[in-house]
Every structure is written in C-alpha cells, then in structure tokens.
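Q: Let's see this in three dimensions:
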Amino acid sequence: MSEILSQAEIEALLASLSADEGSSGADFGSPAATPVGTRANQKRMIAYEVYDFRRPDKFSRDQLRTLQMVFETFARLCATNFATYLRVPVHIELISLEQIPYEDYMRSLKESCFIIFASPPLTGESVLEMEYSLVFTLIDRLLGGVGRPIERNNFTDIERPLVIALAERALMAFRSAWESILQLDPQVESLETSAQFVQVAPPSDIVITALMEARVGDRRDAMSLCVPHMVIKPITPRLSSQNWVSASGKRTTPYIRHALTQHLKQTRMTCHARLGRTRMTLKQLLELKVGDTLVLNAPTNGKIDVLIEDKLKYRGKPAIRNRRYVVSITDIVTED
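A: Just a heads-up that it's a prediction; the model follows:
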C-alpha cells in the first residue's frame, strides 16, 4: 500500500517551496517535518553583500591594500620633501582610499587647484589636487612668510611657477613611492584652477582617489591624488602585497643612489679656518680696545686648523688671493 502524506507533511512541503529551499529539506517518508519557523530563521540569517553596478569594483582587496601602502608611502615622502623645501614641519596623512566614478570625485571638490601630470611609461594622465588655502600657505612659507593663506582662487604670473615647483616636489615623492612596482617618470603637464578644465577620464570611468590631510603649523588642509583605472590597468598584476614585500629589500636602485648623491652634494655646510688660540682673564677681555694685539699659539709660518661643522677635517696655510684671505689645504685629518 502506498504511503499517503499527512496534512502536516503537505504544509511543510509547501512552506519549503515558498521559501526557495527546495524539496531536500522535507522528509517525505517521515511523519515529522521541519518546522516552518526554523526555515524562516535560516533565511533571515543569510548574509547579502550590496553591489552597485554603477560603481563596479575594478581592484581586488589585495590590490587595494598594495595601493594603500603606495599612497601612504607617497604621503610620508611628500611631507618630507615639502619640509625640506620650506624649512618648516609638514605632516601629510592618508585619510581614505576609494575607487569611485570620476564624476563623483570632481563633484566633491570645490576650492582647489589641479596639477595634471603624466607618468611614463604608463599612458594617460593623473591629477594632484590641493586646496587653495594649502597652496597659498606653502607659497607664503616659501617666500619667507609665517604661512598665512590668502582668500583667492587664482594665481599670479609669479605664483604659478612656485606652485609648479611645489608640484614637482610632490611628484618626486610619487615616483619614489612607485619604484618598488614600476620605475615611473612623472612630469607636470599643466596647472588648472577650474575643475571643468580637468578631463583626465570619462565621467563614468572608475578612478582611484587618495584623500590626504596636510598639516603645516596649526593649519589643516586637504589634498588628494586621482589616478584613473585605465592608467594603472596595465600593471594590475603587479599590485599584490606579496610583490610589495618581496621588493621591499630591493628599493635601493641606481636611480635612488644617484638622486641621494646629488642631494648630498648640494648640502650647505659651515667651514671655519681657526688661526690659533689664546687664553686671557675676564679682566683682560673687558679691557680690550681697538688696536690691541692678541698673541695666538700658532707660529707665523705654521699650519692652521680648518673645521667643517665644528669638526677638524683639514689643515692648511693662510694666503692672499685677489685681495682676499684664503686657506691652502695641505693635510687631510683622518680620525684614528
């Protein structure tokens, strides 16, 4: 005799079908079926991830982590370059890293200037954006001021080269931040003061935007980097944290060594030629007047000490050339 389903089994089967759970959850040969409430609870426990088809993700999480490390390195190096250039403490911190449509990025900007730059061998252009208050603060420090911003949204013919000089300092940091992945040669293409003239990507294209906060003295201003997805697309296979870690010990490239050498060669140092020494009492010092003679411990034809940053490095002989006192180096002092 064939088995006939009970009323409870029929209700359980209909509940399972309405919940899209399939017929596997019901035991047709068993007199007891799975309660309907339990299946409803299981349905509510399923986790869903919201996906916006208008803003598709172009980069994986691992690639985003690598990009975050790159832009964090850029922020640190850019702050160092600005601080060295302006002789004032500068701190730049990465606030967020997002992949959004280009039109959303441009819509979020108001009072800013834009430095458009290319990064050969990559094709395409990217944008370095800085608020006017930050730019004028840096320019004021560069010209010897205390760092006061100016309520203005355009540049004079004198200020434009200064802004480009600041941008070149930032691009030096951009090149150094990417060197473990690819050797770039970023170059400034143009300087724009209006967002409507900045067209580095179609409005719907996805771009990587790095929002940063720059602190100069007591002021806090914003700056950002925008790199279109099509610019980075050829090197996306290299954007992995494993490649970043493996290349971390290989960052001392010939280019870096050459750049460091050139910077060190331009370092200014204080040089003193010490003719000799003498000792006197405080009374003798107070009684000195114009025309008095101080007797030094160095002989007339003897050698004098040449100090670099208050450290003895050379010895030489005093002489006169073109009506100027000079020192002819005779010995190099080596530390034991």
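
Q: host element of Leu5?
A: Leu5 belongs to no helix or strand when elements are defined using DSSP states H and E.

Q: And Ala319, by the same measure?
A: Counting by DSSP H and E, Ala319 is part of strand 311-321.

Q: Would you work out how far apart the start and end of stretch 213-233 are?
A: One end of stretch 213-233 sits 27 Å from the other (CA to CA, to the nearest Å).

Q: Sort out which residues of that stretch are buried, please.
A: Neighbour-count burial for stretch 213-233 flags 213-214, 216, 221-232 (criterion: 16 or more other CB atoms under 10 Å). Yep, even glycine has a C-beta here, placed from its N, CA and C like the rest.

Q: Inside strands: which ones of those residues?
A: Using DSSP state E, the members of the buried residues of stretch 213-233 that fall in strands are Glu213, Ala214, Val216, Asp221, Ala222, Met223, Ser224, Leu225, Cys226, Val227, Pro228.

Q: so what's the fourth one up against?
A: Going by CB atoms under 8 Å, 6 or more residues apart in numbering, Asp221 touches Met130, Glu131, Ser133, Leu134, Thr137, Glu213, Ala214.

Q: circling back to that earlier point, by contact count, what packs against whichever helix or strand comes after the strand holding Ala319?
A: Next helix or strand after strand 311-321 toward the C-terminus (DSSP H and E): strand 324-332. Packed against strand 324-332, as judged by 3 or more CB pairs under 8 Å, 6 or more residues apart in numbering; DSSP states H and E, are the following elements: strand 304-308, strand 311-321.

Q: State the mean pLDDT of the last one.
A: Per-region confidence: strand 311-321 scores 87 on mean pLDDT.

Q: if I read this right, Ile206 contacts Val231, doesn't it?
A: No - contact criterion CB atoms under 8 Å: Ile206 and Val231 do not qualify, at 11.1 Å.

Q: on that earlier part again, please identify which of the ones in strands among the buried residues of stretch 213-233 is nearest to Gly316.
A: Nearest to Gly316 among these, counting by CB to CB, is Val216 at 43.6 Å.

Q: That closest one and Val135 touch, don't they?
A: No - under the criterion of CB under 8 Å, Val216 is not in contact with Val135, lying 10.7 Å apart.

Q: In a markdown table, list the helices and strands packed on strand 324-332 along with mean neighbour count and distance to Pro186.
A: Converted to a markdown table, those look like this (neighbours: other CB atoms under 10 Å; distance: least, CB to CB, whole Å):
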| stretch | mean neighbour count | distance to Pro186 |
| --- | --- | --- |
| strand 304-308 | 16 | 36 |
| strand 311-321 | 13 | 39 |
